[in-house]
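Colleague: got a predicted model here, sequence first, then my questions.
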Amino acid sequence: MPHTGEYIKKLAERHGRRLESLLPILENVYEDHHIIPEDAMVEIARELDVSAAKVYGTATFYSFLETSKGGKYVIRVCKTITCMMHGKNQIIKELEELLKINLGETTPDGLFTLKETNCLGQCHRGPAMLINDTPYTELTPSKVRDIINEYRLIAQKSAS
Amino acid sequence: MDEKVNLKIDNLSVSVDTGTTILEAARKINIRIPTLCHHEDLCVAGNCRVCVVEESGMGRLQPACAIPVSEGMEIHTNSMKVRNARKQIIELLISEHRAECTTCYKNGKCELQALSNEYIVGESGFLPLVPLKGYTIDEFSPSIIKDDSKCIRCQRCVRTCDQLQSVGALTVAHKGGEMKISTFFDKPIYEVVCTNCGQCVNRCPTGALTEKTYINEVWNAIDNPEKFVVVQTAPAVRIALGEALDMEPGEIVTGKMVAALRRMGFNAVLDTDWSADLTIIEEGNELLQRLKRVLKDKEPGVKIPMTTSCSPGWIKFIEHTFPDFLEHLSTAKSPQQMFGALAKTFYAGKIGVEPSNMVSVSVMPCTAKKFEANRPEMRASGYQDVDFVVTTRELAMMIKQAGIDFRSLPDDDYDTIMGESTGASVIFGATGGVMEAALRTVYEVVTGREIPFDGLNIMPVRGMENVREASLKIENPLPEWDFLDGVEVKTCVAHGLSNAKKVMEQVKNGEADYHFIEIMACPGGCLGGGGQPLPTSPEIRKKRAEAIYREDAGKKIRKSHENPEIIQVYEEFLVEPLGHKSHELLHTTYTPRNRY
Amino acid sequence: MKKGLKRLDLIFKNEHDCDVILKKSLNRSNEELVEDLISSGLKGRGGAGFPTGLKWKLTAEAPGDEKYVICNADEGEPGTFKDREILSSVPHKVLTGMAICGRIVGAQRGFIYLRGEYKFLIPELQKAINDFHELTDKMKLPFRVEIFTGAGAYICGEESALFESMEGHRGEPRNKPPYPTDAGYRNRPTVINNVETLAHTYSILKYGPEKFRDLGVKDSRGSKVFSVSGDTPIPGIYELEFGMTLQKFVDDFGDGDAKAVQVGGAAGFCVPRKKFDKTVIGYQGKLTGISLPTGGSMMIFNSSRSMYNVLHNYLDFFVEESCGQCTPCRVGTQQLLLGIEAVKRGDKSSQYLEKLLELAETMRVTAKCGLGQSVANSFSSIVENFREEMIY
Ligand SMILES: Cc1cc2nc3c(=O)[nH]c(=O)nc-3n(C[C@H](O)[C@H](O)[C@H](O)COP(=O)(O)O)c2cc1C
Ligand code: SF4
Ligand code: SF4
Ligand code: SF4
Ligand code: SF4
Ligand code: FES
Ligand code: FES
């Protein structure tokens, strides 16, 4: 990340420099970059005056605070019980085919990352998934195709 | 709180203070409850669950280490329910553990092994998780080996590194089945802020954290007829070595240790105590020079307070944590490295051995010394000044390997030269000892009189208080030191890096008006070093300290500057303190390092 | 829809009289308010079912320079989604409950710990909070609510793990005692309540304790919001009266072929068909036999479902979501998972299930927190009732 120092300093100013600000800062970094890289953790440790290991240990506890780069759109498909019962495997298969990647991978254009996650609290409308923060429910393969197409269009527009 | 709480443990009544844990109450009446994550030096974790006990009327078992007693409690430490649960917990730990005791470095000294020994688990255990785990072993550090496959995740190491040492090199990472002890981004320990102090090693109940051993290298050197092998022994080894050889804490085994080393085949058995006396001369003079340059000459840029520099864990800590304050460090090398530099120069010349054929071994209470010996600065003799460092624990192991019956050994004396020492150097092994030794010499240099303490015992700097302060008023100094007349020399002693950090924060904020600060990385000083026999506890460290002061009191010579072999080395070789030769061989520089 | 259990709408009723409720309540003494809560019989809707009035009373009495009120919106229990609905449709009720609680215990700051999966709720929720602050400002009630978002860790719903998380640590549960009422967030006395619990306090403040108390049965008073999912033609959120039998519930919500219901999520119990009419839904007590560990999740499985797959899915969840600090839970969950796999494959004989049942029992009595302690609920109830399915 370029200018990591300044960037983290700004976040520290926004969220505060107490240890209590650690999670909000980490979440903010992830939201902005879809990764919490090493240098950012070092700067956070510096700002909050804690050890870098502490920042790392805390970040790795939370499954949404990832230390490897995720795509612009991170897809998290619920794999828990009711979504499993209602066909989440089919949804994942559809997504893998659509995006031409396997679970856990990111498309070469950096647009999509495909992951599984635990219950999203949408069980009555399963199968469900999140794309970044937005939930999508009652998924079917054709619905998934439409959703992905929509995101591709948005990405194209914002690129041109 | 002086209120008492009454309870029953295994039908025995006991009355303890409010706030006492079930574990402490049980110990009071000699009921042993097994523990793993609990350690007297650390805060309560309550995560291993082997200490669970049954409380009448409660369905769930209670962790004895974490639950405070309450009035009328009835505790059972040995019910069927407790035994079954405990056995299963041990089985679970073992299923996650690469239990290969016969080839394990911790074999025989492992708390998990001892516990499973009591609960003989047998073959009926759970499925082995080890093959699924992809455990790694980090062997890059010259001091410390971290083997994740031996870790039971008790977090003692993390608490040690955080709370006792304020270093934070270790952390718990990930969660659930993936949870593990890790460094920042799981880098090798060598690459992070670890000070190599070994305090985590001292508290790890298993073989997951151990010192890197050089036992084989040392035996190879001894066996090599071409090599002349000298060994030096640090002050704190002689008062603790016995513990690893079935003796009680607090026994002084200097003579037996020398005899054992000689039997093992070292060509010369010499003493780090000797170079500790030398350190006092160099460091003491450096202090006086600095005071002169600051107080008399008003030279800008000369830094006081000056801090000691003989603890390599402390050196690495300040390099990482306060890289802008390295000029406060005395430039004097540690006794180990002064010894090393002189062994391959002065001593080699004296006995007519080619330095290239000399192997210099040191026995240290410390794991950081292994790193120190490997520092690029430590090649003043033209060779690596100290080739191999073994800890007190490793020496005990070698003595056993050599088939020596340690307890029955007759006392023996060190070789000479570089073998004679004083009471001042002996106390280097305890927190406050360097300060006391330095003051004994410095005061006399400045005033021409002995330091005005009963029996030369400077009590205010002794003890186990985290941070201790003492001041000494200089009156009627010799003419050369007249600028010190009436000056109250203020000193401070801190042990354990978290205390060091507190003192340095004061220095950083300009709140410290000390002249001289002694800092030891380990709790209690070297006697509590990361290479000392296991287990460690406040009680054991106290006994070691008592032994050290007993040894000091029994010495004929109590002041470093009166050591005849020190006087001799200046006459024959070094010429004068802080002189050209000293500068070349006995002083060093420091390297700022990354804080994160 | 067929006639069956009465749908209630205490919680979701569209009432916008916060100002009135607040004013009315603030004019009463703390003692009176707590007394009302206690006599209403309201118990926590998120965890162990602790009496809410007593919790507030204890916190009010605990010494502390600062105190806090925390709304637990971490809702991570598989099959539970009612808190999301409450927070999006009636947030003002929750906020009112928090503010009154703050007055009673002496807290001026409240937090909503919102799970990361519910971030999409933030804009609306923040707006509700802002509106609410306008109201409290007008009444000169010094109470402010902030949102704190989680980041994907089920265990952070456990109250002490939640405090750790808010303080910037890993969400590892603490030793108890001390309890939150004495030392919670920042080691200060803290009330932590589930979203639904707080929403109920609104109704109690508004309609009085009797109306609430009249609903339900002994030990389990009032209405309860259920999250219904699985093999049901009508999945969704329903407010029902405590005290129904599971049979009644299945008659209403099942697809006619229900073979089991998982009551209380993955941490709850699996009840087989033959026990439907003996199982009363409510807190642990004389009438019920089983407790309702978390927020009223009801997952229905019909006869097409493999209970092995169901249990496997739960255990997978626990292996991942255990914080990992204590031995019985960290290793125990892995052993249970691998164990049922080994039995299914035939690598271990069916007798190994006995060892696993024993292990689950050990976890119940030795684990540090509710997660590890409650794995045995689903494990034992599924293995004991569907043993055949585990083996063949
Ligand atoms: C593993 C675990 C997860 C929990 N998750 C939640 C949760 O998501 N929401 C919740 O309100 N309580 C949850 N709890 C219960 C809380 O610890 C706590 O008891 C509850 O928030 C208290 O509120 P109540 O008295 O209103 O129920 C959980 C407990 C455990 C052991
Ligand atoms: S750590 Fe202990 S139990 Fe494990 S292999 Fe080594 S000696 Fe055996
Ligand atoms: S050796 Fe010391 S600094 Fe290094 S990890 Fe262990 S306790 Fe921390
Ligand atoms: S490395 Fe040792 S001290 Fe640290 S958690 Fe593992 S077993 Fe415990
Ligand atoms: S029971 Fe599980 S979740 Fe709870 S403290 Fe232990 S490991 Fe963590
Ligand atoms: S099981 Fe998928 S949202 Fe709950
Ligand atoms: S010693 Fe008590 S839980 Fe580990």
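Modeller: Noted; the coordinates are in hand. Predicted model, so just to flag it, every value in this text is computed and none were measured. Ligands and ions are numbered 1, 2, ... in the order given.

Colleague: what domains does the record give for the chain?
Modeller: Chain wasn't specified; assuming chain A. Domain segmentation of chain A under automatic domain parsing yields A:4-61, A:73-159.

Colleague: think we crossed wires, I meant chain B
Modeller: Taken from automatic domain parsing, chain B resolves into B:4-93, B:122-211, B:215-274+B:336-408, B:278-333+B:421-585.

Colleague: closest one to A:Glu138 among those domains?
Modeller: Nearest to A:Glu138, of all those, is domain B:122-211, at 29.5 Å by C-beta to C-beta. Just so you know, the C-beta spots here come from the backbone N, C-alpha and C atoms, and that holds for glycine as well.

Colleague: relative to ligand 4, which residue of chain C is the closest?
Modeller: When you check chain C against ligand 4 by C-beta to the nearest ligand atom, the closest residue turns out to be C:Gln325, at 10.4 Å.

Colleague: so that residue sits right up against B:Ile152, yeah?
Modeller: No: contact between C:Gln325 and B:Ile152 fails when scored by C-beta atoms under 8 Å: they sit 11.7 Å apart.

Colleague: settle it for me: which of the two has more neighbours?
Modeller: Neighbour count, other C-beta atoms under 10 Å in any protein chain shown: between C:Gln325 and B:Ile152, C:Gln325 has more, with 28 against 25.

Colleague: for the stretch 1-150 of chain C, which residue gets nearest to ligand 3?
Modeller: Counting by C-beta to the nearest ligand atom, the stretch 1-150 of chain C gets nearest to ligand 3 through C:Gly150 (30.0 Å).

Colleague: let me see the confidence value for that residue.
Modeller: C:Gly150 carries a pLDDT score of 97 in this model.

Colleague: again with C:Gly289
Modeller: Reported pLDDT for C:Gly289: 51.

Colleague: how about B:Gly125?
Modeller: pLDDT, B:Gly125: 84.

Colleague: can you tell me the SS state at it?
Modeller: Using DSSP: H, G, I helix; E, B strand; the rest coil, the structure places B:Gly125 in coil.

Colleague: residues contacting residue 106?
Modeller: By default, I'm working from chain A. A:Thr106 is in contact with A:Lys69, A:Gly70, A:Gly71, A:Phe112, A:Thr113, A:Leu114, counting by C-beta atoms under 8 Å, 6 or more residues apart in numbering or on different chains.

Colleague: um, chain C though
Modeller: Neighbour list for C:Gly106: C:Ala60, C:Gly64, C:Lys67 [criterion: C-beta under 8 Å, 6+ apart].

Colleague: would you turn those into a markdown table with distance to ligand 4?
Modeller: Listed next are the contacts of C:Gly106 as a markdown table, based on distance: C-beta to the nearest ligand atom, whole Å:
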| residue | distance to ligand 4 |
| --- | --- |
| C:Ala60 | 40 |
| C:Gly64 | 34 |
| C:Lys67 | 35 |
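
Colleague: mind listing which of these are in helices?
Modeller: C:Ala60 (DSSP state H).

Colleague: report the central residue of chain B.
Modeller: Residue closest to the mean C-alpha point of chain B, counted by C-alpha atoms, centre = their mean, is B:Gly529 at 1.1 Å.

Colleague: could you tell me the model confidence score at that one?
Modeller: 97.

Colleague: is it in contact with B:Ala236, as I believe?
Modeller: Yes: between B:Gly529 and B:Ala236 there is a contact at 6.2 Å, judged by C-beta under 8 Å.

Colleague: now do the shared contacts for the two.
Modeller: B:Pro365, B:Thr392.

Colleague: if we can go back for a sec, ok, the residue of the stretch 1-150 of chain C closest to ligand 3 touching C:Gly116?
Modeller: Yes: applying C-beta under 8 Å, one finds C:Gly150 in contact with C:Gly116, separated by 4.9 Å.

Colleague: between the two, who's got more neighbours?
Modeller: Shown here are C:Gly150 and C:Gly116; by other C-beta under 10 Å, C:Gly150 has more neighbours (26 against 23).

Colleague: next, the more buried one: phi, psi?
Modeller: phi -80, psi -180 (degrees, to the nearest 10).

Colleague: what about it, distance to ligand 2?
Modeller: Computed as C-beta to the nearest ligand atom, to the nearest Å, the C:Gly150 to ligand 2 distance reads 36 Å.

Colleague: quick one: contacts for that residue?
Modeller: Listed by C-beta under 8 Å, 6+ apart, the contact set of C:Gly150 reads A:Leu23, A:Tyr62, C:Asp74, C:Tyr113, C:Leu114, C:Arg115, C:Gly116, C:Cys156, C:Ser165.

Colleague: ok, which of these also contact ligand 6?
Modeller: Among the contacts of C:Gly150, not one lies near ligand 6 by C-beta under 6 Å from any ligand atom.

Colleague: of the residues you listed, which belong to strands?
Modeller: Residues of these located in strands (DSSP state E): C:Tyr113, C:Leu114.

Colleague: neighbouring strands for the host helix or strand of B:Arg468, and are they parallel or not?
Modeller: For B:Arg468, the host element (DSSP states H and E) is strand B:467-473. With DSSP bridges as the test, strand B:467-473 is paired with strand B:488-495 (antiparallel).

Colleague: next helix or strand past the partner strand?
Modeller: helix B:497-508.

Colleague: check the offset of that next one from the chain's centre.
Modeller: 19 Å (C-alpha atoms, centre = their mean, to the nearest Å).

Colleague: could you do stretch A:129-137 as well?
Modeller: From the chain centre to the centre of stretch A:129-137 is a distance of 10 Å (C-alpha atoms, centre = their mean).

Colleague: if we can go back for a sec, distance to ligand 2 added to the domains of chain B, as JSON lines?
Modeller: Output for the domains of chain B, formatted as JSON lines (distance: least, C-beta to the nearest ligand atom, whole Å):
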{"stretch": "domain B:4-93", "distance to ligand 2": "9"}
{"stretch": "domain B:122-211", "distance to ligand 2": "3"}
{"stretch": "domain B:215-274+B:336-408", "distance to ligand 2": "14"}
{"stretch": "domain B:278-333+B:421-585", "distance to ligand 2": "12"}
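
Colleague: looking at the contacts of A:Thr106, which is nearest ligand 7?
Modeller: Nearest to ligand 7 among the contacts of A:Thr106, with distances taken as C-beta to the nearest ligand atom, is A:Gly70, at 37.4 Å.

Colleague: close to ligand 5: what parts of the stretch 101-250 of chain C are there?
Modeller: So far as C-beta under 6 Å from any ligand atom goes, the stretch 101-250 of chain C lies against ligand 5 at C:Ile155, C:Pro173.

Colleague: how about the helices in the stretch 101-250 of chain C?
Modeller: Using DSSP state H, counting those that start in this stretch, the helices of the stretch 101-250 of chain C run over C:122-138, C:159-166, C:195-207, C:209-213, C:246-253.

Colleague: chain A now?
Modeller: Counting by DSSP H, the helices of chain A are A:4-15, A:22-33, A:38-48, A:52-61, A:81-85, A:88-99, A:141-159.

Colleague: out of those, nearest to ligand 7?
Modeller: Taking the helices of chain A one by one with C-beta to the nearest ligand atom, helix A:52-61 is closest: 19.8 Å.

Colleague: do the closest one and chain B meet?
Modeller: Yes: interface with chain B: helix A:52-61 contributes A:Ala52, A:Ala53, A:Lys54, A:Val55, A:Tyr56, A:Gly57, A:Thr60, A:Phe61 (C-beta under 8 Å from any C-beta of the partner chain).

Colleague: the residue of chain C closest to ligand 4: which element?
Modeller: Going by DSSP H and E, C:Gln325 is not part of any helix or strand.

Colleague: again, but for the one 10 residues further on
Modeller: Counting by DSSP H and E, the secondary-structure element that holds C:Gln335 is helix C:327-345.

Colleague: residues making contact with the helix or strand just after that helix?
Modeller: Next helix or strand after helix C:327-345 toward the C-terminus (DSSP H and E): helix C:352-366. With C-beta under 8 Å, 6+ apart as the contact definition, helix C:352-366 has outside contacts at B:49, B:52, B:59-61, B:81, B:84-85, B:88-89, B:92, B:124, B:126, C:326, C:328-329, C:332-333, C:335-336, C:339-340, C:342-343, C:372-376, C:379-380, C:383-384, C:387, C:390-391.
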